[in-house]
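Chemist: one predicted model, sequence on top.
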Amino acid sequence: MYNANELKVWKKFIMDEQPYEVMTYAQKVMWRGWSIINIKAKNLLTWANVPKTFSDKDIFPPADISMNSYDYLYNDGENYYFMNQNTYEQVSLIKSSLDWSELFLQDWDKVSLQEFNWEPINLNLEPTCVLEVIETPPWEKWDTATCWKKPATMSTWLVIQVPLFINIWDKLIIDTRTKEYRSRA
């Protein structure tokens, strides 16, 4: 069990029978030795950010969150299907739980899924991925009004800003956290 004092940033705990992850933590010491703990926690099932205030005497059970390796198989528009690399068991996640991560998924990508009570709840991507440009306007030598950037549509329909020298069919390294161009692959 975690005491409310131990709910530091990135700690996962159970509150109201749902898993939460601490995003911010602040402690205010009051008179006679007791304190108030203010946190902002993210619900790992609904992605809602919830501000909470606790006494230092409150206790919470730790969340049993595990990470397992999966291969991305396919999607049907609403559900995304993955296969466990060890057991070959297939699981699915709904699109709303991916939080725009689907824009970086390609067939047979290796991903890590967070599991709560042996059910997948969340997807963790690598910090970068390689995607192919399928559409971008041609570069004109005198085109400097756009700060040397132009839009490019990637193979997963992600649209990002890229330098003017990027062409169709170029493979690019994209930062999955910021959705920004890093370099050519």
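Modeler: Nice, thanks for sending it over. The model shown is predicted, which means the values in this text are computed figures rather than measured ones. Numbering: from 1, shown residues only.

Chemist: pull the helix or strand with minimum mean pLDDT from the protein.
Modeler: Every helix and strand of the chain was ranked by mean pLDDT, DSSP states H and E. The lowest is strand 119-124, at a mean of 86.

Chemist: what ranges of this structure fall below the confidence cut-off?
Modeler: Scanning the chain for pLDDT under 70 picks out 141-147.

Chemist: contact partners of stretch 177-185?
Modeler: Contacts with stretch 177-185, where a contact means C-beta atoms under 8 Å, 6 or more residues apart in numbering, come from 100, 103, 127-128, 130, 152, 158, 160-163, 166, 170-175. C-beta coordinates here come from the backbone N, C-alpha and C atoms, glycine included.

Chemist: one step back: what residues sit buried inside the least confident helix or strand of the chain?
Modeler: Of all the residues in strand 119-124, those buried under the rule 16 or more other C-beta atoms under 10 Å are P120, I121, N122, L123.

Chemist: adding distance to Q90, write those out as TSV.
Modeler: Shown next, in TSV, are the buried residues of strand 119-124 (distance: C-beta to C-beta, whole Å):
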residue	distance to Q90
P120	11
I121	16
N122	17
L123	15
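
Chemist: name the residue closest to the centre of the chain, please.
Modeler: Residue closest to the mean C-alpha point of the chain, counted by C-alpha atoms, centre = their mean, is N124 at 5.5 Å.

Chemist: just give the number of residues close to E6.
Modeler: Around E6 there are 16 other residues, counting by other C-beta atoms under 10 Å.

Chemist: do the same with L73
Modeler: By the criterion of other C-beta under 10 Å, L73 has 16 neighbours.

Chemist: torsion angles phi and psi at it?
Modeler: Torsion angles at L73 (phi, psi; degrees, to the nearest 10) stand at phi -100, psi -60.

Chemist: distance of it relative to V22?
Modeler: 33 Å (C-beta to C-beta, to the nearest Å).

Chemist: what's the answer for E132, then?
Modeler: Distance from E132 to V22, counting by C-beta to C-beta: 38 Å.

Chemist: could you do L113 as well?
Modeler: In this view, L113 and V22 are 21 Å apart by C-beta to C-beta.

Chemist: still on that earlier bit, can you say which of the contacts of stretch 177-185 are buried?
Modeler: Judged by 16+ other C-beta under 10 Å, buried ones among the contacts of stretch 177-185: L103, A152, L158, I160, V162, I166, L172, I174.

Chemist: so the residue of the chain most remote from its centre, which state does it fall into?
Modeler: In the chain, the residue that sits farthest from the middle, by C-alpha atoms, centre = their mean, is R32; the gap is 41.6 Å. When classified by DSSP: H, G, I helix; E, B strand; the rest coil, R32 comes out as helix.
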